[in-house]
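Novice: Quick one: sequence plus predicted model below, questions after.
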Amino acid sequence: MKVEFHGAVRSVTGSMHVLEAAGSRVLLECGLYQGKRKEAERRNRNLPVDPTKLAGCVLSHAHIDHSGNLPNLVRNGYAGRIHATSGTADLAKALLRDSAYLHERDIEYLNEKRAKQGEPPLEPMYTQADVEETTRRFEVVGYQERFEAAPGVRARFFDAGHILGSAVTVYELEEAGRTVRVGFTGDLGRPAQPILRDPAHIPAVDYLITESTYGNRLHEGVANMKERLREIIGQTAARGGRVVIPAFSVGRTQNIVYFLSELFHEGDLPRVPVFVDSPLAIDATKIYRDHPECYDQETKEAIARGESVFGFDLLRYTRSKDESMALNSFKEACVIVSASGMCEGGRVLHHLKHSVGDADNTILFVGFQAADTLGRRMLEGARTVRIYGKDHPLRARVEKMNGFSAHADRDELSAWIKNVPGLKAVFVVHGEEDASMALAAHLARMKIKAHVPMPGEAVEL
Ligand SMILES: [Zn+2]
């Protein structure tokens, strides 16, 4: 029996690992690698595992860095099923369709340029047809239900509290009369976040594969977050400026709407309009509405009292391109929540283009900004930012709130890990190298054996 670490190892995107028992190979995640264009292209097209040799595939949650290369897996001969919770399956369908659309459009643009230079056209990495075939392979499993991921590999999902449908998976590998239990955190959420239940305790495992996105950092408390959000929006509105919040469409946007809704209801904010400008966020919000089985007690009670959790009177969801473009000429104070969260594409780029030059505005980052992204460069104090091939001076204020994070911080992660019974060792993945190393060192101080694998490393269990 063994585990192999193929993606999001000493880095944060392209999650991909393999568990092997009794000759069955099971793929954990099939994420899209995100980074510099050429390298991303190369890594995503060349899968590090042979899809035809896999007996099963399990998906912890729908985020594209965990699910986004599934269509490529199927396109390259994976014949089995993809186990996931119902929330994950629904969100993944929406996210993968969006991803294919972006890829196809990207390739079209590239091919126009190539044609002018007499170069042959490129094929998109995957298409809508590949996505449809992939979504047919989903096999929905409820939380706590035991299922067979492949012969010799049983599994169970537990709440991860990260995004809708997210799960910590506990595997039971059997081979020659021996049983080894392996836990996989996927992405682990923070306790006490809105809408979803907190990360669950899991039963005993021998090994745990854990994420470490914030393995070297501590987040601000949830109480602080509302206060700071109030401050930032209040001050910007007083200047007559707009607050642009680049946010992931799935999870982050719904949490921000939840907090804004509370603040407005409590009368703590000036009555400025709020626009959620992302078709994907609108689709994701609908899926959130469709899955009350994932809500925590507070959210269930709020809904029972007739409160709206996903909207309020000042909030407008803008779906069409025209509505989105109309925001460019909206000159009054407002809040615009738009994707992508790391400013690597999507409608938020248009809003940034129209907002970064004015010192009255605020760009508010509420999520992790990976290396080499536009978001990271803005956070690191760039004086100019390049958007659609043109430089723009950055005069708007740049603020950051990491309390919205959908990821547990170092202490939340290690407290959760400490509660896992029977642990022999922890494998630390899904973090930039220094974050993973820091979490491993922190666990070692807690007398928990931890190892940060190398990309491609295999460990016998
Ligand atoms: Zn995630």
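Specialist: Yes, it's here.
Novice: sec struct for residue 386, please.
Specialist: strand (DSSP: H, G, I helix; E, B strand; the rest coil).
Novice: per-residue pLDDT, it?
Specialist: At residue 386, the predicted lDDT confidence score is 93.
Novice: Report the beta-bridge partners for it.
Specialist: Counting by DSSP bridges, residue 386 is bridged to residue 391.
Novice: residues near it, how many?
Specialist: Around residue 386 there are 11 other residues, counting by other C-beta atoms under 10 Å. For the C-beta atoms, the positions are set from N, CA and C on the backbone; glycine is no exception.
Novice: just checking, residue 194 touches residue 257?
Specialist: No: at 9.4 Å, residue 194 does not count as touching residue 257 under the criterion of C-beta atoms under 8 Å.
Novice: Between those two, point out the one with more neighbours.
Specialist: residue 257 (26 against 20).
Novice: And for that one, nearest residue in space, chain neighbours not counted?
Specialist: residue 310 (6.1 Å; C-beta to C-beta, 6 or more residues apart in numbering).
Novice: Then residue 126?
Specialist: Using C-beta to C-beta, 6+ apart and skipping residues adjacent in sequence, the residue nearest residue 126 is residue 71, 3.9 Å away.
Novice: And the pLDDT at residue 225?
Specialist: Looking at residue 225, its pLDDT reads 84.
Novice: For the stretch 1-150 of the chain, which segments count as strands?
Specialist: Using DSSP state E, counting those that start in this stretch, the strands of the stretch 1-150 of the chain run over 2-7, 16-21, 24-28, 56-58, 82-84, 138-140, 146-150.
Novice: Same list (those) but as JSON lines, adding distance to residue 379.
Specialist: Formatted as JSON lines, the strands of the stretch 1-150 of the chain follow (distance: least, C-beta to C-beta, whole Å):
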{"stretch": "strand 2-7", "distance to residue 379": "25"}
{"stretch": "strand 16-21", "distance to residue 379": "28"}
{"stretch": "strand 24-28", "distance to residue 379": "31"}
{"stretch": "strand 56-58", "distance to residue 379": "34"}
{"stretch": "strand 82-84", "distance to residue 379": "33"}
{"stretch": "strand 138-140", "distance to residue 379": "36"}
{"stretch": "strand 146-150", "distance to residue 379": "39"}
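Novice: among those strands, which is nearest residue 35?
Specialist: Closest to residue 35 of the strands of the stretch 1-150 of the chain is strand 2-7 (C-beta to C-beta; 11.8 Å).
Novice: What's the mean pLDDT across the closest one?
Specialist: The model assigns strand 2-7 a mean pLDDT of 98.
Novice: Which neighbouring elements make contact with it?
Specialist: Applying 3 or more C-beta pairs under 8 Å, 6 or more residues apart in numbering; DSSP states H and E, one finds that strand 2-7 contacts strand 16-21, strand 458-460.
Novice: Kindly calculate the angle that the longest one makes with strand 24-28.
Specialist: Between the axes of strand 16-21 and strand 24-28, defined by axes from the mean of the first three to the mean of the last three C-alpha atoms, to 10 degrees, the angle is 150 degrees.
Novice: Isn't residue 79 up against residue 50?
Specialist: No: using C-beta under 8 Å, residue 79 makes no contact with residue 50, being 11.9 Å away.
Novice: In CSV, list the C-alpha atoms belonging to the longest strand along the chain.
Specialist: Scanning the chain for the strand with the most residues, using DSSP state E, yields strand 167-175. This file holds the C-alpha atoms of strand 167-175, laid out as CSV (Å, rounded to 0.1, in the frame of the first residue of the first chain):
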residue,chain,number,x,y,z
ALA,A,167,-15.3,17.1,2.6
VAL,A,168,-12.5,15.6,4.6
THR,A,169,-12.2,12.0,3.3
VAL,A,170,-11.3,9.0,5.4
TYR,A,171,-10.0,6.1,3.4
GLU,A,172,-9.6,2.5,4.5
LEU,A,173,-7.1,0.6,2.4
GLU,A,174,-7.1,-3.2,2.6
GLU,A,175,-4.4,-5.5,1.3
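Novice: Contacts for it, please.
Specialist: 1, 19, 21-22, 26, 28, 58, 60-61, 84-85, 88, 143, 149, 152-160, 179-186, 188, 199-200, 202-203, 205, 461 (C-beta atoms under 8 Å, 6 or more residues apart in numbering).
Novice: by how many degrees do the longest helix belonging to the chain and strand 167-175 diverge?
Specialist: Ranked by residue count and defined by DSSP state H, the top helix of the chain is helix 86-116. If you take the same axes, to 10 degrees, helix 86-116 sits at 100 degrees to strand 167-175.
Novice: From here on, call the first residue 48.
Specialist: Renumbered: residue one is now 48, and that last one reads helix 133-163.
Novice: quick revisit: buried residues in the helix or strand just after the longest strand of the chain, which are they?
Specialist: Going down the chain from strand 214-222, the next helix or strand is strand 225-231, by DSSP states H and E. For strand 225-231, burial by neighbour count (16 or more other C-beta atoms under 10 Å) applies to 227, 228, 229, 230, 231.
Novice: contacting residues for the first one?
Specialist: When contacts are counted by C-beta under 8 Å, 6+ apart, residue 227 touches 48, 68, 219, 220, 253, 254, 508.
Novice: Bridging across strands, which residues link to it?
Specialist: residue 220.
Novice: Give me the secondary structure label for residue 272.
Specialist: helix.
Novice: For the protein, which residues are neighbours of the ion?
Specialist: 110, 234 (C-beta under 5 Å from the ion).
Novice: What residue spans form the domains of the chain?
Specialist: Following automatic domain parsing, one gets these domains for the chain: 49-264+453-507, 269-451.
Novice: Out of those domains, which one sits most buried?
Specialist: Highest mean neighbour count among those (mean count of other C-beta atoms under 10 Å): domain 49-264+453-507, with a mean of 20.
Novice: The longest strand of the chain - what's its average pLDDT?
Specialist: The average pLDDT within strand 214-222 is 98.
Novice: For the residue of the stretch 398-508 of the chain found nearest the ion, grab phi and psi.
Specialist: Nearest residue of the stretch 398-508 of the chain to the ion: residue 453, at 6.4 Å (C-beta to the ion). The phi/psi pair for residue 453 (degrees, to the nearest 10) reads phi -90, psi 10.
Novice: Residue 298 is in contact with that one, correct?
Specialist: Yes: Residue 453 is within contact range of residue 298, at 5.0 Å (criterion: C-beta under 8 Å).
Novice: Give the intersection of the neighbour lists for those two.
Specialist: Taking C-beta under 8 Å, 6+ apart as the criterion, residue 453 and residue 298 both touch 209, 210.
Novice: List the residues that contact residue 506.
Specialist: 49, 50, 51, 474, 498, 500.
Novice: what's the second one in contact with, if anything?
Specialist: With C-beta under 8 Å, 6+ apart as the criterion, the residues that contact residue 50 are 64, 65, 66, 67, 229, 254, 256, 474, 505, 506, 508.
Novice: thinking the second one is in contact with residue 72, fair?
Specialist: Read it as residue 65. Yes: at 5.5 Å, residue 65 counts as touching residue 72 under the criterion of C-beta under 8 Å.
Novice: Identify the contacts common to those two.
Specialist: In contact with both residue 65 and residue 72: 96, 101, using C-beta under 8 Å, 6+ apart.
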